[in-house]
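[1] got a predicted structure here, sequence first:
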Amino acid sequence: MPIENNPSRGLQLIVPNLHRRYSGVTATNRMVAPKLAGLYRAAWLGPHAPEGIARLGFADLMALWRSPAPLIWHARRNNEMIAGVLLRALGWPLKLVFTSAAQRHHSWLTRWLIRRMDAIIATSELSASFLQRKPTVVMHGVDTDIYAPPSDRAAAFAEARLPGRYAIGCFGRVRAQKGTDVFVAAMCRLLPRYPDFTAVIVGAVVPEQQGFAAGLKQQIEAAGLQARIVITGELAIEEVQRWYRRLTIYAFTSRNEGFGLTLIEAMSSGAALVAARAGAAQFLVEDRVSGVLTPPGDVDALVAALEPLMRDPASAEAMGRRARQRVLEKFSLDAEAHAIAAVYRGLD
């Protein structure tokens, strides 16, 4: 339900999500927002609101015009920065914060908007290097209670009723940017050698990628692996979380990413990780300890990194335990929320 926006109620933080389609940016925002709501009186504006934070309707937002107390507006997209700049110009008492995950040079519009923010957060040192003003680096965290290893991974895998004994997964929309073709090519080479494994691609096939997905399915059929390379399509978040618990190995194959939240979701779930050097992978993974890093788009390198883990699932399980411990120590949601709160305090 929308909250009552009487200024005396002390609203401090607005978390805008002005994007109708569910995306990685939405997912990261949804995870940390309830933690921030435990530190500040916060409300979520827009679709896909998570549990644990109040919802702010657009009519409620109008009632905050000329509120006597300043409000933090924490944007993560251009349209949210534009909305914040316009609202402040029209009399809303906003302190503007922007989180940048992009690892590329920004457009003139984004640069113009960034100059009007009161504080900037970057999700990695690499993202920070593309900004023309100094940000605070705050890496994403993950809910280590939700993304946790199962008590019995074999039983969790058995629930899926798939061939073999182990699952190797690749999550994200089915498209070239996510490297789904790299994963399929590697699986077509490896699965015939390791009959105990089934590969699972968890992600939607959006209309503009139907041709790309059809090509992958033809490749899978030509290899005779229809039963052992499964494309689930879009799933509810709760089902995605169940799939993480079924994995022995996770392959992060993106060619480019802003951050790559699935990395820490898989690590937190106790899966061994083979990750392309995209997004924040090089900052998250201790190479050959909590995961293995490979060049993006390189099928041969992916095969070479995956094969020892598929040959020896016990070593994969040990790597998964180390990955889980690294997330617990470095990449919890609580750590992310407190680091963001420190930025907010600097606005006073």
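    Done, it's in.
[2] can we go C-alpha only for contacts and neighbour counts from here?
    OK.
[3] what about residue 120, which helix or strand?
    strand 119-122 (DSSP states H and E).
[4] identify the residues contacting that strand?
    96-101, 114, 128, 134-139, 343, 347 (C-alpha atoms under 8 Å, 6 or more residues apart in numbering).
[5] now with 6 Å?
    97, 98, 99, 100, 101, 128, 135, 136, 137 (C-alpha atoms under 6 Å, 6 or more residues apart in numbering).
[6] low-confidence ranges, this protein, go.
    Applying pLDDT under 70 to the chain flags residues 1-9.
[7] what ranges do the helices span in it?
    Under the criterion DSSP state H, the chain contains helices at 24-37, 58-62, 78-89, 108-115, 125-128, 153-158, 180-190, 210-222, 237-246, 261-268, 281-284, 299-311, 313-330, 333-345.
[8] and the residue most central in space within the chain, how far is that from residue 24?
    For the chain, residue 261 is the residue whose C-alpha lies nearest the centre (C-alpha atoms, centre = their mean; 2.6 Å). Residue 261 sits 7 Å away from residue 24, going by C-alpha to C-alpha, to the nearest Å.
[9] residues contacting residue 133?
    By C-alpha under 6 Å, 6+ apart, no residues touch residue 133.
[10] list phi and psi for the residue nearest to residue 37 when sequence neighbours are not counted.
    Closest residue in space to residue 37, ignoring its immediate chain neighbours: residue 53 at 5.8 Å, by C-alpha to C-alpha, 6 or more residues apart in numbering. Residue 53 has phi and psi values of phi -140, psi 140 when expressed as degrees, to the nearest 10.
[11] what is the burial count for residue 53?
    Residues lying near residue 53 (other C-alpha atoms under 10 Å) number 19.
[12] residue contacts, it?
    Residue 53 is in contact with 34, 37, 43, counting by C-alpha under 6 Å, 6+ apart.
[13] ok, now residue 88?
    Residue 88 neighbours (C-alpha under 6 Å, 6+ apart): residue 94.
[14] please tell me how far it sits from residue 72.
    Applying C-alpha to C-alpha, the value for residue 88 to residue 72 is 11 Å.
[15] what's the answer for residue 166, then?
    46 Å.
[16] neighbours of the closest residue to residue 116 other than its chain neighbours, how many?
    Distance criterion C-alpha to C-alpha, 6+ apart; nearest residue to residue 116, sequence neighbours excluded, is residue 85 at 7.4 Å. Neighbour count of residue 85, defined by other C-alpha under 10 Å: 19.
[17] separation between residue 85 and residue 337?
    For residue 85, the distance to residue 337 - C-alpha to C-alpha - is 24 Å.
[18] residue 172 now?
    Residue 172 is 25 Å from residue 337, where distance means C-alpha to C-alpha.
[19] shared neighbours, residue 88 and residue 72?
    Here residue 88 and residue 72 share the contacting residues residue 94, scored by C-alpha under 6 Å, 6+ apart.
[20] how does the chain divide into domains?
    Per automatic domain parsing, the domain ranges recorded for the chain read 7-141+332-345, 153-330.
[21] number of nearby residues for residue 23?
    Residue 23 has 12 nearby residues by other C-alpha under 10 Å.
[22] the chain should start at 435 in everything you say after this.
    Got it, the first residue is 435 from now on, which makes the last one we talked about residue 457.
[23] over to the closest residue to residue 474 other than its chain neighbours: give its phi and psi.
    Here the nearest residue to residue 474 in space, its sequence neighbours aside, is residue 446; by C-alpha to C-alpha, 6+ apart that works out to 6.2 Å. The phi and psi torsions at residue 446 (degrees, to the nearest 10) take the values phi -120, psi -30.
[24] any idea how far residue 627 is from residue 496?
    When distance is defined by C-alpha to C-alpha, residue 627 is 62 Å away from residue 496.
[25] can you check residue 754 too?
    48 Å.
[26] settle it for me: which of those two has more neighbours?
    Each of residue 754 and residue 496 has its neighbours counted (other C-alpha under 10 Å); residue 754 has more, 28 against 12.
[27] brilliant, that's me finished.
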